[in-house]
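K.L.:
Following is a predicted model, sequence given first.
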Amino acid sequence: SEAQGLANNNVMSICDDKDGNIWMATLGGGVTKISFAGENYKTPSVKNYSEEDGIGSIYSYYAFRDSRNNLWFGTDGGCVTRYDGTNFTSFNSKAGGLKSDIVYSIIEDKNGIIWFGTQEGGTYSYNGRTFTNYGTENGIRDLSPDILSMGAGNDVVIAHNSGIDVLDGSNPKQARQYSL
């Protein structure tokens, strides 16, 4: 809670890092890192990160750790921020090639490609160098996906108000559509 050092009590998502620290994306407080030391993890150390530290926005929706141990934070207004263990790097619509600065969801496929669900910008993949946008031309019916998830094989499952669309992450040309 804020009384124990959180920048904000509105925690939207959590993940851990390779060292066992807990990272929390908060809505209005940026990102909080909780480290545990001492006997039985009874002595938590709390550090809050904000825009001054390199987080794209203090309004953070999603925290995610990839297979390379990078942490990713999806934000409202600051797009997406990557933390490599030393530095924060923010990718936004002006510099990063994304159409939307609001990122709700982040996943990684079996090939190490990072996927982002944005508000009104569609779904993006990031191969470590460039972002690729997937939208209506790829059969995705709603450009504001609520949730991304990995499905069978290397399927990227995109849930939104119109149903579920599924892209093959290894060959994401055309989505399969499912209505609910």
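P.N.:
Alright, I've got the coordinates.

K.L.:
Can you name the residues bridging to the most centrally placed residue in the chain?
P.N.:
Centroid-nearest residue in the chain, with CA atoms, centre = their mean: residue 106, separated by 3.5 Å. Per DSSP bridges, the residues bridged to residue 106 are residue 116.

K.L.:
now it: how far from residue 58?
P.N.:
Distance from residue 106 to residue 58, counting by CB to CB, to the nearest Å: 18 Å. For the C-beta atoms, the positions are set from N, CA and C on the backbone; glycine is no exception.

K.L.:
Repeat that for residue 20.
P.N.:
For residue 20, the distance to residue 58 (CB to CB) stands at 25 Å.

K.L.:
cool, and residue 90?
P.N.:
According to CB to CB, residue 90 and residue 58 sit 12 Å apart.

K.L.:
same check, this time on residue 91
P.N.:
Counting by CB to CB, the gap from residue 91 to residue 58 is 17 Å.

K.L.:
Look up how far residue 170 lies from residue 42.
P.N.:
As judged by CB to CB, residue 42 and residue 170 stand 46 Å apart.

K.L.:
between these two, who's got more neighbours?
P.N.:
For residue 42 and residue 170, the more surrounded residue by other CB atoms under 10 Å is residue 170, and the numbers stand at 13 against 8.

K.L.:
For that one, which three-state class applies?
P.N.:
At residue 170 the chain is in coil, as set by DSSP: H, G, I helix; E, B strand; the rest coil.

K.L.:
rewinding a little: Provide a list of residues in contact with the residue nearest to the centre of the chain.
P.N.:
Contact analysis of residue 106 by CB atoms under 8 Å, 6 or more residues apart in numbering lists 62, 64, 72, 74, 80, 114-117, 148.

K.L.:
Please identify which helix or strand holds residue 62.
P.N.:
Per DSSP states H and E, residue 62 falls inside strand 60-65.

K.L.:
Export that strand to CSV, keeping only CA atoms.
P.N.:
Written as CSV, here are the backbone C-alpha positions of strand 60-65 (Å, rounded to 0.1, in the frame of the first residue of the first chain):
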residue,chain,number,x,y,z
SER,A,60,1.1,2.1,-16.3
TYR,A,61,-1.2,-0.7,-17.3
TYR,A,62,1.1,-3.7,-17.8
ALA,A,63,4.3,-5.2,-16.5
PHE,A,64,6.0,-8.1,-18.4
ARG,A,65,9.3,-10.0,-18.3
